[in-house]
Structures are given as C-alpha cells and as structure tokens.
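> here are the coordinates; sequence isn't available:
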C-alpha cells in the first residue's frame, strides 16, 4: 500500500476538523436594525453554523457582561462553545478556534473592517482577527 502524501493528510485532517464543528450553535447578539450583522449571520449559516439571533438595544451591557474590552468592540457579539466572538470574524477563523481550542476568552475583529464577512463592498481592507482574554490582553490570530 502506498503512503498518503503529507498534503493530502493535512487536507483530510482540516476537513474532518471543520466537519466536527459543523452545526455548532452560535448565539449572536445584535441591534434589531443592523444590516451588516444580518449579513454576518448569513455568512455563518453558509459555513455550517446553526445561528440563534438575539436582537437587543443594550449591546454595551452584552459586551461588558462577556468581557469585551472597548478597544475590541464591533457592532455584534456572539457566543459559541464557551468562546466570545466579537465583530466580523470570518467563519474559517471560528472553525479554527473550535478545532484548536486555545486557552482564550474569544476572538475579535475590532471595528467594522471593509471586506470582512458582512461588510463586503467596493473595497477590501487589510484587517486582523485577535484573540483576547479576560484581563484585556490580545494577540494576532489571523490576518485578512
């Protein structure tokens, strides 16, 4: 029997890791009138997540309760598998987070970067997705 090339093995592991989180429930807290939040939810659904949307006019209180520091804030906040997801984080980064299970509070895409999921438009800006902890520390997790 021939050995499986490393590239194919890596792709298979990645596929199974992603399949392991397909159908994962993600609770999204958003303003009832925010169109980009709704577009981000559609991005999540298209990438295998089950989404439970909660409209609220108290987003500052949601962010504070979940430990999102002001410098990390965006327009919507979500919870999935014990992690907090702040802003327009791509589904691929959330899948990676759930597969790797790092010891962090969550991921954030601060602000509202143009070209991020839900913020598609005429331009695509470079942006970073950060990990963060409850003490306010953050590190770059991905660059887009």
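Received it, and whenever you're ready, just let me know what you need. From a predicted model like this one, the values you see are computed outputs, not experimental measurements.

> SS state for the most centrally placed residue in the chain?
The central residue of the chain, meaning the one whose C-alpha is nearest the mean C-alpha position (C-alpha atoms, centre = their mean), is residue 89 at 3.7 Å. Here residue 89 takes the coil state, with states given by DSSP: H, G, I helix; E, B strand; the rest coil.

> note down every partner strand of the helix or strand where residue 84 lies and its orientation.
Counting by DSSP states H and E, the element that carries residue 84 is strand 83-87. For strand 83-87, sheet partners with direction are given as strand 77-80 (antiparallel), strand 106-109 (parallel), following DSSP bridges.

> chain center to it: distance?
With C-alpha atoms, centre = their mean, to the nearest Å as the basis, strand 83-87 stands 6 Å off its chain's centre.

> then stretch 133-144?
Taking mean C-alpha positions (C-alpha atoms, centre = their mean), stretch 133-144 and its chain are 12 Å apart.

> now swap in stretch 119-136 and tell me
The chain centroid and the centroid of stretch 119-136 are separated by 9 Å under C-alpha atoms, centre = their mean.
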